[in-house]
Structures are given as structure tokens and as C-alpha cells.
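J.: A predicted structure for the sequence below; I have some questions about it.
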Amino acid sequence: MSTIAQLGALTGGYVIDPARTRIGFVARHTMSTRVRGHFAEYEGGATLNGEDPERSSARLTILAESLTTGNAQRDELVRTSFLDAENHPTLDFTSTGVRRVDATHYKVSGDLGIRGVTRRTVLDAELVDAGIELTGGPQDAQGDFRVCLRGGVTVDRNDWEVNWNSVTSVLVASKVRLEFDVTLIRLS
């Protein structure tokens with residue numbers, strides 16, 4: 001089966017499978033340490049058009065309070081002082097365009113809202129698995145049609161006013177890598 005025929009089978013509406021999805025980040029702290037974390041609560045979905053990927057769209061809403069890095073004190077500091085979760089409870093992404101790079105890679109442009117500031121950004125996305133090649137058909141063992149995507153984008157947190165004080169600029173690098181490993185389930 002050709003790649004184009006396989007992509008055509010993806011067309012439909014999808015929701016995020018929270019049990020098989022990870023939305024995370026990597027930030028450099030001090031001179032050489034990296035801090036990794038993720039968000040435990042989010043919701044979203046996509047409308048995929050396998051025959052014309054440019055007509056696809058996606059949306060994601062992340063609960064800021066669900067941030068975790070494995071260090072309770074740091075988590076509270078990031079939630080309150082950096083993200084201001086009390087006044088800005090969600091981080092939001094809504095796609096505005098999709099460009100196919102090759103058979104499995106895409107550029108997804110969209111509006112990313114953090115801390116009340118919305119900026120245009122472009123995510124790199126890779127179609128990892130659509131169940132077609134691995135199972136020979138569109139359904140997994142549970143009878144669901146799943147599509148797996150992975151990717152991310154590096155942003156400057158200062159563009160979204162994610163800063164606490166002047167010392168923060170010395171301790172935490174301004175560049176933060178946002179990463180996703182998403183499994184989508186097609187709606188019936």
C-alpha cells in the first residue's frame with residue numbers, strides 16, 4: 001500500500017488518549033543541569049485529513065496546575081511564580097496551518113497561549129504510527145483506530161512573559177523545549 005493511500009485512511013476526528021500521551025518540557029537550570037517535567041492533565045484533539053494534510057487541525061488545552069518535575073518545591077514555584085496558574089489556569093495551542101515536509105514529517109503552525117500571552121509558533125511533528133503498517137488494518141487490539149505523533153518546539157519563555165525576577169534569568173535559561181508524544185483515538 002502506498003504512503004498516500006495509507007494517509008488517506010487517517011481522515012477523521014480524534015481525541016487525545018491520556019493513558020498513552022505525554023506532554024512535557026526540558027529547561028536548562030544553572031550552568032549545566034537540565035530539568036525535565038510534564039503536565040498530567042490536558043485535553044484536546046485533532047481533525048486529520050490524510051489526503052490533504054494541509055486541511056488538518058489540532059487543539060490542546062493543558063492545566064497549568066498539573067505541572068510536575070519530581071520536586072514539590074520547584075513545582076510550586078513554577079506553577080505560581082512562572083506560570084501564574086491561579087490567574088492563568090491553562091496553556092492553550094490551536095493550530096492555524098499544517099505543512100507536509102515528507103511522508104511522516106509535518107510543520108504545524110499555531111497560536112500558543114501561556115500566561116495570558118499568545119504567540120504564533122511552529123511545531124515539528126512526526127507521524128510515528130497509525131496502526132496500518134504494524135497491524136495490517138486500522139484498528140488496534142481494543143478495536144480503536146489510533147494515530148501516534150511525536151515532536152516539539154523550542155521557545156523563548158520570555159516571549160510569553162514566563163519569568164519570575166531578574167535572578168531567574170541567570171538561573172534558568174530562556175530557551176525551553178516543549179515536547180509531545182501523543183496518541184489520538186479516532187471518534188466513532
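T.: Now that the structure is in, tell me what you want to look at.
J.: CA only for contacts and neighbour counts going forward, please
T.: Fine.
J.: in the longest strand anywhere in the chain, what counts as buried?
T.: Using DSSP state E to assign secondary structure, the strand with the most residues in the chain is strand 172-186. Counting neighbours by 16 or more other C-alpha atoms under 10 Å, one finds that the buried residues in strand 172-186 are 172-174, 176-186.
J.: isn't residue 156 right up against residue 163?
T.: No: with contacts counted by C-alpha atoms under 8 Å, residue 156 stays clear of residue 163, the gap being 10.6 Å.
J.: higher neighbour count, those two?
T.: Set residue 156 next to residue 163 and count neighbours by other C-alpha atoms under 10 Å: residue 163 wins out with 19 against 13.
J.: for the nearest residue to the more buried one once chain neighbours are set aside, grab phi and psi.
T.: Setting aside the residues directly before and after it, residue 163 is nearest to residue 82 in space (C-alpha to C-alpha, 6 or more residues apart in numbering), at 5.4 Å. When read as degrees, to the nearest 10, the backbone of residue 82 gives phi -90, psi -50.
J.: burial measure for residue 82, as a count.
T.: As a burial measure, the neighbour count of residue 82 was computed by other C-alpha under 10 Å and equals 18.
J.: how near is it to residue 172?
T.: 11 Å (C-alpha to C-alpha, to the nearest Å).
J.: and residue 154, what does it touch?
T.: 175-178 (C-alpha atoms under 8 Å, 6 or more residues apart in numbering).
J.: contact partners for residue 53?
T.: Taking C-alpha under 8 Å, 6+ apart as the criterion, residue 53 is in contact with 98-100.
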